[in-house]
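Engineer: the following block contains a protein sequence and its predicted model.
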Amino acid sequence: MKDEALRERIVDEYLTSGQSYREVADRCGVDYRSLHRWVKEYRRRMRKPHKIS
């Protein structure tokens with residue numbers, strides 16, 4: 001999905017830039033609260049243990 005890929009790029013930019021939510025969100029044209037939520041969801045997914053078969 002195009003929107004999901006865009007969100008992932010913005011989250012990655014936030015995580016690697018060292019800038020604030022507001023700085024990255026303003027530059028990318030999204031609300032900083034949305035970015036905060038996306039980062040929180042991303043971190044939650046990364047913490048979830050993967051089941052090994």
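Structural biologist: Done, it's in.
Engineer: list the contacts for the residue positioned nearest the centre of the chain?
Structural biologist: By Cα atoms, centre = their mean, the mean C-alpha position of the chain lies nearest to Val11, the distance being 2.6 Å. Residues near Val11 by Cβ atoms under 8 Å, 6 or more residues apart in numbering: Leu35, Trp38, Val39, Tyr42. Every residue, glycine included, has its C-beta placed from N, CA and C.
Engineer: how far does the helix or strand harbouring the last one sit from the chain's center?
Structural biologist: In the assignment (DSSP states H and E), Tyr42 maps to helix 32-47. Its chain's C-alpha centre and that of helix 32-47 lie 5 Å apart, by Cα atoms, centre = their mean, to the nearest Å.
Engineer: number of nearby residues for the closest residue to Ser34 other than its chain neighbours?
Structural biologist: Spatial nearest neighbour of Ser34, excluding adjacent residues (Cβ to Cβ, 6 or more residues apart in numbering): Ala25 at 7.2 Å. For Ala25, the neighbour count with other Cβ atoms under 10 Å is 20.
Engineer: I'd assumed Trp38 was in contact with Ala25.
Structural biologist: No. Applying Cβ atoms under 8 Å, one finds Ala25 not in contact with Trp38, separated by 9.9 Å.
Engineer: distance-wise, check Leu6 relative to Tyr42.
Structural biologist: 13 Å (Cβ to Cβ, to the nearest Å).
Engineer: and Val30, how far from Lys48?
Structural biologist: For Val30 relative to Lys48 (Cβ to Cβ), the value is 25 Å.
Engineer: same drill for the two, tell me which one is more crowded.
Structural biologist: Using other Cβ under 10 Å as the criterion, Val30 and Lys48 rank with Val30 on top: 16 against 8.
Engineer: do I have it right that that one meets Arg9?
Structural biologist: No. The criterion here is Cβ under 8 Å, and Val30 misses it with Arg9 at 11.2 Å.
Engineer: how far away is Lys40 from Leu15?
Structural biologist: Distance from Lys40 to Leu15, by Cβ to Cβ: 12 Å.
Engineer: having no further points to raise, I will conclude here.
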